[in-house]
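J.: For reference, the sequence and a predicted model appear below.
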Amino acid sequence: MRKQQNFKWNTLSLGTCYYPEHWDESLWKEDLKRMLAHGIQTIRIGEFAWSKVEPREGEFTFEFFDRFLEVAAQTEIKVIFGTPTATPPAWLTNAYPEVLNCRMDGVKFRHGMRRHYNYNSPIYQKFCKRIVEKFGEHYAKHPSVIGWQIDNEINCEVDEFYSESDTLAFREFLKEKYKTLDALNQAWGAVFWNQEYTHWEEIYVPRTTIHNSTNPHQTLDYIRFVSDSAVRFCKMQSDILRKYVKPGDFITTNGMFQNLDNHRMTDEALDVYTYDSYPNFAYCLCEDPKHSKNLNDRRWSDKLTEVRSICPHFGIMEQQSGANGWNTRMEAPAPKPGQMMLWAMQSIAHGADYVSFFRWRTCTFGTEIYWHGILDYDNRDNRKLAEVKRIYDRVQAIQETAGAENQAAVAVVKDYSNIWDAKVDVWHQRLAWSSEEEIFLASQVNHTPMDYVYLLDSTEVEELTRYRVLIYPHGLILSERKAALLKAYVEEGGCLILGARTGQKDENGKCVMMPMPGLLAEVTGSDVREFTFVGPADDKVNMNWNGILLDTGIFNDILEPIGSNAKVLAEYAGNYYKGQPALIENPYGNGKVLHFGGTFTQENVKALLEYVGVLKPYCDILELPKDCEITAKEKEGRTYIFVLNYVEEPQEIFIKRAVKDMDTKEQVQGKICLGAYETKVYEL
């Protein structure tokens, strides 16, 4: 069982990101007082300001932030302090170039960007330990400081590391895991293409090859190594800070990025997790939002659901407040009136109790001159600032929802081995990404709230039985432990839905010599006799389910019932396997398994959820158009429903029985018209 959160916000509150080093000191007090007047009570500072404390090696000065914290104390604004390790100073990278990360071909990333360091450089670790120690020792006791952010966006910009320090650390990681080269060669299938190793010094992090194709089993271990390195780097800092943080203060970092076990990092190093939410990425001009398949900014609900699996009650460290862009990349329009409110409520609806806007004022210099904040360059009051005040008023009206638990009857099962294998294996990737997208879309347009649940080393069956239905889309990598957890879930009455390719591989990413679904065959009562991608000439292959034709996606396993109670629910209606089983139901213990041979699409997910009885769980309370999202939370026996309109056109909803409008505190029923980007919160 995962450990409980060490910290939760007990109220809903707002913040913003502020960089005192970017502004004349004459603006500080005015800025902070202006924030407070509009409902912003907390700021984040310091995460890119190493040189303000250590301008030259070994020379420390604390005066700059001492002066700023004095202003913060005078205005009674709260401060989250960042450790500055995301941007090592020029004196450090110039004197010690080994701290720099490298491309796969060995070329170093030079000073001038950010996140250009590597986690495994002993020299960088030494300097990071020292600066974090100095920050914590000096600033943690200040009464205005209430929390700490470690680094900034760990594994953002780059999530691959190819320095000499990484190779040396990778070898140690492998020695600890495999103990002997014989065991490593066996796990990696190194006999293929004559890749067997006879000395540890022959092993490197993946290097440039023809087509950049590398041993997939080595690369899977390499991704695990990158994650391990990032977690250890984060924990190194949190261990130092814990010597200094005041009781009640918290340690966090802001995510969520790839090649990183965010669950482990949270459990081992953090008190609470925070996320940076930028729904406006959906409208970057390189995209075609009008014809986007992924629901545009509503797509961020999927990311927030993922964050909730890491930390049920999380914070937003950077919430979109303006257009996003650098001078070198990214172009996006400004949020329209009402979208800041919509996106803040989207975060709160999915579990955020703290929402901090990025940033207070758009910077007039540097790479992020087009990453706009609440205020623009001219520093005048504007509609965005006025909208922040309306968000604050709204937050006050729904304060009782703080700490409420999100509710869902269905969850999608994930695990890091399969996530990382899908980065290594393009066949796996195509299936996984397609199905996960379609499951999310189906849950959204059919108003069926969903969760993600991870199979971790610490996961116990009680964490799974919270859900009536689990969907494990394409669990290619299957271990004895994961199979046992899923088996126990079904035995206790759960309904498990599996997709194509289940049980194809072991934890090293090697295909197993047993029929799929491998270790789950006992609970599925099924066998996979043959399999294929759906070729372009085949267009699409349907399955016939009680006379209804449903698309089976981009890949098909041809199934066969082998259990005495297994029942064929649907058969393929095309291709050379026409008439063969596509969907098999098998009872097991107190539950059942649906083994589906295809990949998931909106239409087949809707049919599956309807069949197992979890589709549209709140349809007896209200009816919504497709452009509105619904989430539900529970707290102390009360249920709260969030309704969000993602489009500019007014949307009509119908409330079937009286509920309390949390804004007006009045009972409402019948037809309600939501304006452009409007949101509602109701208490049942």
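T.: Cool, got the structure.
J.: shouldn't residue 250 be in contact with residue 148?
T.: Yes. Between residue 250 and residue 148 there is a contact under C-beta atoms under 8 Å: 7.3 Å. Quick note: C-beta positions are derived from backbone N, CA and C, even for glycine.
J.: okay, these two: which has more neighbours?
T.: When neighbours are counted by other C-beta atoms under 10 Å, residue 250 and residue 148 differ, and residue 148 comes out ahead with 30 against 20.
J.: Is the more buried one within a helix or a strand, and which one?
T.: Remark: residue 148 resides in strand 145-149, with elements defined by DSSP states H and E.
J.: Low-confidence stretches in the chain?
T.: In the prediction, the chain carries residues with pLDDT under 70 at positions 285-293.
J.: so what are the domain limits for it?
T.: In terms of domains, the chain is parsed into 410-611, 622-683 (source: automatic domain parsing).
J.: so how far is the first residue of the first one from its last?
T.: End-to-end distance of domain 410-611: 13 Å, with C-alpha to C-alpha, to the nearest Å as the criterion.
J.: Check the offset of the top helix by length along the chain from the chain's centre.
T.: Counting residues, the longest helix found in the chain (DSSP state H) is helix 216-241. Averaging C-alpha positions (C-alpha atoms, centre = their mean, to the nearest Å) puts helix 216-241 17 Å from its chain's average.
J.: Next, the angle strand 145-149 makes with it.
T.: Going by axes from the mean of the first three to the mean of the last three C-alpha atoms, to 10 degrees, helix 216-241 is angled at 160 degrees with respect to strand 145-149.
J.: Mind checking what helix or strand follows helix 216-241 in sequence?
T.: Assignment by DSSP H and E places the next element after helix 216-241 at strand 250-252.
J.: what does that following strand contact?
T.: 6-7, 80, 146-150, 238, 241-242, 245, 269-274, 315, 317 (C-beta atoms under 8 Å, 6 or more residues apart in numbering).
J.: Going through the residues you listed, which ones are buried?
T.: The neighbour-count test (16 or more other C-beta atoms under 10 Å) applied to those identifies 7, 80, 146-150, 238, 241, 245, 269-274, 315, 317 as buried.
J.: Can you tell me what sits against the helix or strand harbouring residue 69?
T.: Residue 69 belongs to helix 63-75 when assigned by DSSP H and E. Taking C-beta under 8 Å, 6+ apart as the criterion, the residues outside helix 63-75 that touch it are 20-21, 25, 28-29, 32-33, 36, 43, 45-46, 49, 52-53, 78-79, 139, 142-145.
J.: Parallel or antiparallel, list what pairs with whichever helix or strand comes after that helix.
T.: Read in the C-terminal direction, the helix or strand following helix 63-75 is strand 78-82, with elements assigned using DSSP H and E. In its sheet, strand 78-82 lies beside strand 40-45 (parallel), strand 145-149 (parallel), with partners assigned from DSSP bridges.
J.: Export only the CA atoms of the shortest one, formatted as PDB.
T.: Taking Å, rounded to 0.1, in the frame of the first residue of the first chain, the C-alpha atoms of strand 145-149 are listed here in PDB:
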ATOM      1  CA  VAL A 145       8.200  30.500   3.900                       C
ATOM      2  CA  ILE A 146       5.600  27.800   4.000                       C
ATOM      3  CA  GLY A 147       7.000  25.300   1.500                       C
ATOM      4  CA  TRP A 148       9.800  24.200  -0.800                       C
ATOM      5  CA  GLN A 149       9.900  23.200  -4.500                       C
END
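J.: Helix 63-75 and that one, what's the angle between them?
T.: Taking the same axes, to 10 degrees, one finds that strand 145-149 is oriented at 130 degrees with respect to helix 63-75.
J.: neighbouring contacts of strand 145-149?
T.: Strand 145-149 is contacted by residues 42, 44, 47, 69, 78-83, 136, 139-140, 241, 245-246, 248-254, 274, 317 when judged by C-beta under 8 Å, 6+ apart.
J.: try 7 Å this time
T.: Identification of contacts with strand 145-149 by C-beta atoms under 7 Å, 6 or more residues apart in numbering yields 44, 47, 78-83, 139, 241, 245, 249-254, 317.
J.: okay, the longest strand along the chain in CSV with CA atoms only?
T.: If each strand of the chain is counted by residues according to DSSP state E, the longest one is strand 651-661. What follows is the C-alpha trace of strand 651-661 in CSV, where atoms were taken according to Å, rounded to 0.1, in the frame of the first residue of the first chain:
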residue,chain,number,x,y,z
GLN,A,651,-24.8,24.9,-23.6
GLU,A,652,-28.1,23.8,-22.2
ILE,A,653,-28.0,21.2,-19.4
PHE,A,654,-31.0,19.6,-17.7
ILE,A,655,-31.1,19.0,-14.0
LYS,A,656,-33.6,16.2,-13.2
ARG,A,657,-34.0,16.8,-9.4
ALA,A,658,-33.3,19.7,-7.1
VAL,A,659,-29.6,20.4,-6.3
LYS,A,660,-27.8,23.3,-4.6
ASP,A,661,-26.0,25.8,-6.7
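J.: name the helices or strands packed onto the helix or strand just after that strand?
T.: Next in sequence after strand 651-661, counting helices and strands by DSSP H and E, comes strand 667-674. Contact here means 3 or more C-beta pairs under 7 Å, 6 or more residues apart in numbering; DSSP states H and E; on that basis strand 667-674 packs against strand 651-661.
J.: Just give me how far the strand it packs on sits from the chain centre.
T.: On the basis of C-alpha atoms, centre = their mean, the separation between the geometric centre of strand 651-661 and that of its chain is 32 Å.
J.: Can I get the strands paired with strand 78-82 in TSV including distance to residue 499?
T.: Supplementary listing: these in TSV, determined by distance: least, C-beta to C-beta, whole Å:
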stretch	distance to residue 499
strand 40-45	41
strand 145-149	38
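J.: Which one of the ones you listed lies nearest to residue 592?
T.: Distances from residue 592 to each of the strands paired with strand 78-82 were compared using C-beta to C-beta; the shortest belongs to strand 145-149, at 45.2 Å.
J.: immediately after that closest one, which helix or strand?
T.: Tracing the chain C-terminally past strand 145-149 and defining elements by DSSP H and E, one meets helix 164-178 next.
J.: tell me which residues in that following helix are buried?
T.: In terms of neighbour count (16+ other C-beta under 10 Å), helix 164-178 has its buried residues at 165, 166, 167, 168, 169, 170, 171, 173, 174, 178.
J.: ok, back up a step: tell me the buried residues in the longest helix of the chain?
T.: Counting neighbours by 16+ other C-beta under 10 Å, helix 216-241 gives 216-238, 240-241 as buried.
J.: Which secondary structure elements does it sit against?
T.: With contacts defined as 3+ C-beta pairs under 7 Å, 6+ apart, the packing partners of helix 216-241 are helix 122-139, helix 164-178, helix 181-188, helix 262-269, helix 416-424.
J.: what does the last one rub up against?
T.: When you say that, I think you mean helix 416-424. Outside helix 416-424, the residues within contact range by C-beta under 7 Å, 6+ apart are 216, 219-220, 223-224, 261, 428-429, 432, 475-477, 505, 507, 509.
J.: now the helices and strands packed on helix 216-241 in JSON lines, with distance to residue 545?
T.: What follows is the helices and strands packed on helix 216-241, written out as JSON lines (distance: least, C-beta to C-beta, whole Å):
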{"stretch": "helix 122-139", "distance to residue 545": "57"}
{"stretch": "helix 164-178", "distance to residue 545": "45"}
{"stretch": "helix 181-188", "distance to residue 545": "41"}
{"stretch": "helix 262-269", "distance to residue 545": "36"}
{"stretch": "helix 416-424", "distance to residue 545": "27"}
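J.: of all those, which lies closest to residue 390?
T.: Between residue 390 and the helices and strands packed on helix 216-241, the shortest separation by C-beta to C-beta is 32.2 Å, and it involves helix 262-269.
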